[in-house]
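J.: Need a 3D model of the sequence below.
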Amino acid sequence: MKPLCLITGATGFIGQAISKFLIDKGYPVYGLSRNPGNKTGLLRWNPRKLDGWEEIVKKATVIINLAGHSIGSTRWTQKTKNRILQSRTRSTLSLIEAIQKTNSRPDLFIQISGVGYYGSRGDEILDENSTPGSGFLSQVSQEWEASTERLESMNIRRVIFRTGLVLGPNGGVLKRLIPPFRFFLGGTFGPGTQWVSWIHLSDVCRAMEFAITRKQVSGVYNLTAPQPITNRQMTQAMGKILNRPTFFALPSWIIKIRLGEMGEELLLAGQQAVPNRLIHDGFNFGFPDLNSALTDILPQ
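T.: Numbers count the residues shown, from 1 in each chain. Here you go, the predicted model:
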């Protein structure tokens, strides 16, 4: 019998895809959500307190923690930044508290983080041994990862996936990027030379099962495609597939004025992260290059 998987943030873009993927593979899956509605397998939870949801933690063999407030939904005020950070660390610590109160332990705890951990590093190639950088996203990633450290003393296998830009149909960043191309306004952000570490949503799902089924998988992994690209290369590839021009460029100064710190870190900064550990451990990417990924995702 396959292990029971518990997923937080199960109603998000990535969480829904992982849940469906694992269910289709025959895994029993439960999700924790603040707003579960009447969906089967979804349980209501409040990360601020244990009020019954922790009972499912007793049964879980695998916990996949995706919970956290969106980093790109609104301009970063200090209040928004606090919410982004605290929603992640509080959720993780609440799960660990629930684990400590049970008599059983999950075999595996998968924690999502991001390549923002490395900060903006220009053309530097970044693997799992690279040092952390600076900036708000780096701070969030560092504190989010650190919130799982207690799992080591509890003898629970811990995997931290630092994800890049997740590309998939019907949601995520592409849902926001496609409309400008429809109106012939597709183009680069700022100089276009900033690196984009990305990954196909399908490979994110497959990496989860890879971690579940291979006991040697442990520690930090860059969950990114092996071929990072620049913002300009991504823009040109999208324009080619959508049959739209890509001559437009949104100047850096407009991005900084309109979006402030959020625009600088999400659109103008970049990381050239590579998945050395995943490759070394034998993971095979279904979509290693951007063209194959976009061809699979975008409407022709």
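J.: how deep is the nearest residue in space to Gln142 that is not next to it in sequence tucked in, by neighbour count?
T.: Spatial nearest neighbour of Gln142, chain neighbours left out: Pro132 (5.4 Å); criterion: C-beta to C-beta, 6 or more residues apart in numbering. Heads up, the C-betas are built off the backbone N, CA and C, glycines and all. The tally of other residues near Pro132 (other C-beta atoms under 10 Å) stands at 14.
J.: Which phi and psi values does Pro132 adopt?
T.: phi -70, psi 160 (degrees, to the nearest 10).
J.: go on, Ile125?
T.: According to degrees, to the nearest 10, Ile125 has phi -80, psi 130.
J.: surely it meets Val274?
T.: Yes: the pair Ile125 / Val274 is scored as a contact, 6.0 Å apart, by C-beta atoms under 8 Å.
J.: The two: which has the busier surroundings?
T.: A direct count of neighbours by other C-beta under 10 Å for Ile125 and Val274 places Val274 higher, at 20 against 13.
J.: so what pLDDT did the nearest residue to that one once chain neighbours are set aside get?
T.: Ranked by C-beta to C-beta, 6+ apart and with sequence neighbours excluded, the top spatial neighbour of Val274 is Asp127, at 5.6 Å. pLDDT, Asp127: 98.
J.: remind me, longest helix of the protein?
T.: Ranked by residue count and defined by DSSP state H, the top helix of the chain is helix 78-101.
J.: Now for Glu145: which residues touch it?
T.: 111, 113, 117, 160, 220 (C-beta atoms under 8 Å, 6 or more residues apart in numbering).
J.: actually Ile99, not the one I wrote
T.: Applying C-beta under 8 Å, 6+ apart, the residues near Ile99 are 57, 63, 105-106, 151, 154, 156.
J.: Look up how far Val115 lies from the residue nearest to Val274.
T.: Using C-beta to C-beta, to the nearest Å, Asp127 is found at 11 Å from Val115.
J.: quick one, which of these two is more surrounded?
T.: Set side by side, Asp127 and Val115 show more neighbours around Val115, with 30 against 14, by other C-beta under 10 Å.
J.: is it true that Gly31 touches Leu22?
T.: No: using C-beta under 8 Å, Gly31 is not in contact with Leu22, being 10.5 Å away.
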